[in-house]
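>>> How does the following fold in three dimensions:
(chains A and B)
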Amino acid sequence: MSITVDGLSHTYHPGTPLETLALDDVSLECGSGEWLSVVGHTGSGKSTLAQHLNGILFPERGTVSVDGMEVKEKSARLRDVRRAVGLVFQYPEQQLFAENVLEEISFAPRNWGIPESRIPALASSALSLTGLDETYLPRSPFHLSGGEKRKVAIASVLAGEPSYLVLDEPTAGLDSWSRRELVSLLVRLKGEGLGIILVTHDLDIALQHSDSILMLDRGRCIIMDTPRKVMEHLQEHPAPGLHLPEIAALSASLRNADPGAPLTWDWKELKRWVVTRTVAAHPHLPGGDS
Amino acid sequence: MKFLNHLTFGQYVPADSLVHRLDPRCKILAVLVVLTGIFLARHILVFAAWGGLLFSLAVLSHLPFRLVLRSAKPVLILVFFTAFIHVFFTDGTPLLEIGFITITREGVSGAVYMGLRLLFLVLFASFLTLTTKPMELSDGLERLFSPFVRFGFPAHELAMMMTIALRFIPTLLDETDRIMKAQLARGAAFDRGNLWKRLKAFLPVLIPLFVIVFQRAEDLATAMEARCYRGGEGRTRMHPLVWRTGDTLGALCVLAIVAGLIVGDRSFLS
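The predicted structure is shown next:
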């Protein structure tokens, strides 16, 4: 069971002066319980790619298929695809419309034809996944804080019981605490067997949590590999708009001075190396404890 | 699925052409003259000439003709409706009689002429917005209306309102597109069920859109006040409009062509 994209290309405004090639021959695969991050500069085609994954946009060339169902404009199984792949848009809080949080979260399950009797339970469990409790259900979504609104919006997608979750820049504009909460939610969902596709320009999250990373530049795939390989690539070929996180940058510059230094984004790993090296260079010092 | 993924009617298309470089005031006045000319056209040869002019104008503006034709799409219904009325409700020499319906010679020709007239009106007018940046357009209007300010006419305010409205059309279309997609991803179906169901399906699009519009309006007001905006009095411009010799020449050309066509029309008819 997986989302498979093969040789996908997409052009905006074909046949007009504003014609732009947004995606050029992109391929990827993401299975259940896997985390794929799509990173790239603004305008690299990340959002366009995300919208292909659940049949909001359709391939001009190439194919997209979800659990064996091909995503095509006239496909009879289009709704099944949309149901299987939950898509959280950028600034999802702007899609809120209902009188209260319960209604908002019930929107997707009701549209998918989930029996009315199951919906309240689904709604509160989706909400509690995001870290909000049941007292929020009767409140108006418009009177919540920015972070809470985003959680409600994400819960409203989760309540449709998707097998995959595609998120477009879900951390944009969140404070560091909400950001950390969101990341741990995604880690939990992945643990429950959801396939996560995270579109982001936040390399910190992508490196730490992904199984693989796809790097886009002007619609083309630059590299798709494990976080470690992508980091090595980035260190040799810096990409505009994608900065290595500070720990990663530090480890890269240490490695320039000493080829034995590890190339990592994990401060603990780096600290271990620094301590071992210091102890080796100064045997009279007391041993480092981490 | 492409909802609003097409160029909006009459949206400015950047290009470097003679028409693009004309002063907006010249273009606005030219459109008025041309529209008058089209209204006065009555002979089929003159209509053909207008069609030719339309095509040459597209070439002169470096715009694909197809793109220009597309701006007529929103008024096609009106054109057909007008033609329909003309065909069935004009008295004159009968061509065809089916029961109580009589189609007359005058009706058919009236339908064709009126349809063409409407079509040409829209197509020529669309050149104004296709080749003029919204900012230039409202600057041009403000300057054209400025003589009436002394009679209490709010030229600047109207121009500013127009600028803002025009400026936000593409933005709001983008927003609508985005919200529709987001609701679609949550299983909304805009194309299923009866009319009532479809209308109801749009509520989850309209409500967030209203919220966004009010937010944007408030943000814009704050931003304008923060930059000490207080109306048009004593306001200078970064790009003042300059009337060049080319504009005078262009205006004279348009006048000559339209006058020629009107005179030609009269002489063909007599």
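>>> From what I see, A:Pro138 and A:Glu103 are in contact.
No: with contact defined as Cβ atoms under 8 Å, A:Pro138 does not count as touching A:Glu103 (9.7 Å). Placement of C-beta: from N, CA and C, glycine included.
>>> quick one, which of those two is more surrounded?
For A:Pro138 versus A:Glu103, neighbours defined as other Cβ atoms under 10 Å in any protein chain shown are more numerous around A:Glu103 (17 against 11).
>>> Assign the more buried one to helix, strand or coil.
helix (DSSP: H, G, I helix; E, B strand; the rest coil).
>>> got a list of what it touches?
Applying Cβ atoms under 8 Å, 6 or more residues apart in numbering or on different chains to A:Glu103 gives no contacts.
>>> try 10 Å
Contacts for A:Glu103 (Cβ atoms under 10 Å, 6 or more residues apart in numbering or on different chains) come out as A:Phe97, A:Arg110, A:Ala123, A:Leu137, A:Pro138, A:Ser140, A:Pro141, A:Ser156.
>>> With A:Ile119 instead?
Going by Cβ under 10 Å, 6+ apart, the list of residues near A:Ile119 reads A:Leu102, A:Ile105, A:Ser106, A:Phe107, A:Ala108, A:Pro109, A:Arg110, A:Ala159.
>>> same deal with B:Pro147?
For B:Pro147, the contact set (Cβ under 10 Å, 6+ apart) comprises B:Phe153, B:Ala155.
>>> Can you get me the start-to-end distance on stretch B:181-198?
16 Å (Cα to Cα, to the nearest Å).
>>> quick check, that stretch touching chain A?
Yes: using Cβ under 10 Å from any Cβ of the partner chain, we find that stretch B:181-198 touches chain A at B:Lys181, B:Ala182, B:Gln183, B:Leu184, B:Ala185, B:Arg186, B:Gly187, B:Ala188, B:Ala189, B:Arg192.
>>> ChimeraX command to pick out the buried ones of the residues you listed?
Selection of buried members from the residues of stretch B:181-198 next to chain A for ChimeraX, criterion 16 or more other Cβ atoms under 10 Å in any protein chain shown:
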select /B:181,182,183,184,185,186,187,188
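>>> Quick check: nearest residue in space to the residue in the stretch 101-250 of chain A that chain B sits nearest to, chain neighbours excluded?
Nearest residue of the stretch 101-250 of chain A to chain B (Cβ to the nearest Cβ) works out as A:Asn111 at 2.8 Å. Nearest non-adjacent residue to A:Asn111, counting by Cβ to Cβ, 6 or more residues apart in numbering or on different chains: B:Gly187, 2.8 Å away.
>>> where does that neighbour sit relative to B:Leu128, distance-wise?
42 Å (Cβ to Cβ, to the nearest Å).
>>> Keeping just the C-alphas, turn stretch B:60-77 into CSV.
The C-alpha trace of stretch B:60-77 is given here as CSV (Å, rounded to 0.1, in the frame of the first residue of the first chain):
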residue,chain,number,x,y,z
LEU,B,60,-0.4,45.8,-32.6
SER,B,61,-0.7,44.9,-28.9
HIS,B,62,1.3,41.7,-29.2
LEU,B,63,-1.6,39.8,-27.8
PRO,B,64,-2.7,36.4,-29.1
PHE,B,65,-6.1,36.9,-30.8
ARG,B,66,-7.5,33.8,-29.0
LEU,B,67,-6.8,35.5,-25.7
VAL,B,68,-8.7,38.6,-26.8
LEU,B,69,-11.6,36.6,-28.0
ARG,B,70,-11.8,34.8,-24.7
SER,B,71,-12.8,38.1,-22.9
ALA,B,72,-16.1,37.9,-24.8
LYS,B,73,-17.1,34.7,-23.0
PRO,B,74,-18.9,36.2,-20.1
VAL,B,75,-21.2,38.3,-22.4
LEU,B,76,-22.0,35.5,-24.9
ILE,B,77,-25.3,34.7,-23.1
